[in-house]
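Q: sequence and predicted model, in that order:
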Amino acid sequence: MATFKVDIYSDTACPWCYVGNKSLESAITDFTSQHPEASFQLVWHPFFVFPNVKGSTYTYREIYTRAHGPARAADFFRRLEVAGAPLGISFDWQGRTGDMAASHKLLLWASEMSSSGHQDGAASLGLEEDLYPSPPGSPRAGAAGATTTTAAAAAADDDNDEEDGRTPLRRLISAFYRGVFEQGRSISDRGFLASAAVDAGLAGDQEQALRWLDAAEADDMLAERTAAIPDEVSAVPCFVVQDKFQVGGAQPPDVFLQVFERIQREQLSSLAGS
């Protein structure tokens, strides 16, 4: 079975990053529909395009217009809208800018969950059980003993997994970008972020997501991963497939598909020669 690792260097406040990540998601969906045996491991790397922004003061329309002037801003929006349209993106520039740290913390949690193979974010990070309790009905063992689910609930979970087929990380990436750039949400709105984490299957409830945002472990992880960004990554979005092929910028899905197909051919050739 072909396995593809994709390292994602991206910022949640960058509209071109939305286009790039939506393109990657489209390519993964197309490739796995043709090659259902293939699997993908995505790894999130936080990048701050606007590292000094803290509050949700301006909308994206306002911030780009103030920074570049009405004419250049209008051209910027037009180019993004043209690039996003084939991917089903309908940009709404009323979403507010703000501190991206909380969104990156949740995406790192989801990334760790995906990389470890755990279906529970707190367990994958080795967090204290009393700080991150299992939500009611969670199949994970709690501090006082194992918590079980009903057969009906387990069946419902299986149906949802089969229906979507995406990891919590992939769902959360989509939810954050769609909320900010299509639904007018603020990237620093903790309520929005926590709700998205629950809907993505990352957190059992909003309280668990909010506790993670306030945890020292989350701060440490964000600082460590941000500092570890290689010098070669100076702009986003940037995607590195199989630690070998770099796809920079908001490329169309076909570019990713060509990379996936090349890797698959190389893997098959290697197996045939062994």
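A: Structure received. Only a predicted model underlies this, so the values are computations on that prediction, with no experimental measurement involved.

Q: tell me, how many residues neighbour residue 79?
A: If you count neighbours by other C-beta atoms under 10 Å, residue 79 ends up with 14. Any C-beta I mention is one placed from the backbone N, CA and C, and that applies to glycine too.

Q: for it, give its distance to residue 62.
A: Separation of residue 79 from residue 62 (C-beta to C-beta, to the nearest Å): 18 Å.

Q: how near is the spatially most central residue of the chain to residue 74?
A: By C-alpha atoms, centre = their mean, the chain has its centre lying nearest to residue 173, at 2.9 Å. Computed as C-beta to C-beta, the residue 173 to residue 74 distance reads 28 Å.

Q: go on, residue 218?
A: For residue 218, the distance to residue 74 equals 38 Å [C-beta to C-beta].

Q: do the same with residue 183
A: Separation of residue 183 from residue 74 (C-beta to C-beta) stands at 22 Å.

Q: and residue 5, that's in a strand?
A: Yes - secondary structure of residue 5 (DSSP: H, G, I helix; E, B strand; the rest coil): part of a strand.

Q: can you count the residues close to it?
A: Counted with other C-beta under 10 Å, residue 5 comes out at 16.

Q: contacting residues for it?
A: Contacts for residue 5 (C-beta atoms under 8 Å, 6 or more residues apart in numbering) come out as 40, 41, 43, 241, 242, 243.

Q: quick one: which of those residues is nearest residue 199?
A: Distance to residue 199, by C-beta to C-beta, is smallest for residue 40 among the contacts of residue 5, at 20.7 Å.

Q: returning to what we had before: out of residue 218 and residue 74, which sits in the busier spot?
A: Neighbour totals were compared for residue 218 and residue 74, and residue 218 leads with 21 against 14 (other C-beta under 10 Å).

Q: mind checking pLDDT for the more buried one?
A: We have a pLDDT of 97 for residue 218.

Q: show me what contacts it?
A: 105, 108, 109, 212.

Q: let's see that with 7 Å instead.
A: In this structure, residue 218 makes contact with 105, 212, judged by C-beta atoms under 7 Å, 6 or more residues apart in numbering.

Q: please identify which helix or strand holds it.
A: In the assignment (DSSP states H and E), residue 218 maps to helix 216-227.

Q: strands of the stretch 101-250 of the chain, start to end?
A: In the stretch 101-250 of the chain, the segments counted as strands under DSSP state E, counting those that start in this stretch are 141-142, 145-146, 238-241, 245-248.

Q: flag the shaky bits of the chain, pLDDT-wise.
A: 1, 116-164, 273-274 (pLDDT under 70).

Q: helices of that one, residue ranges please.
A: In the chain, the helices defined using DSSP state H lie at 15-34, 60-68, 70-84, 101-116, 121-124, 151-164, 168-182, 190-199, 206-214, 216-227, 253-273.

Q: what's in contact with the first one?
A: So the one you mean is helix 15-34. 6, 8, 10-11, 38, 40, 80, 83-84, 87, 89, 91, 170, 173-174, 177, 181, 236-237, 239, 249-253, 256-257, 260.

Q: ok, now with 8 Å
A: By C-beta under 8 Å, 6+ apart, the residues outside helix 15-34 that reach it are 6, 8, 10-11, 38, 40, 60, 80, 83-84, 87-89, 91, 165, 170, 173-174, 177, 180-181, 236-237, 239, 249-257, 260-261.

Q: from the contacts of residue 5, list just the buried residues.
A: Neighbour counting by 16 or more other C-beta atoms under 10 Å classes 40, 43, 241, 242 among the contacts of residue 5 as buried.

Q: for those, which one is nearest residue 192?
A: Nearest to residue 192 among the buried ones among the contacts of residue 5 is residue 43, at 24.0 Å by C-beta to C-beta.

Q: that closest one and residue 8 touch, don't they?
A: Yes - counting by C-beta atoms under 8 Å, residue 43 does reach residue 8; the two are 6.6 Å apart.

Q: thanks a lot, see you next time.
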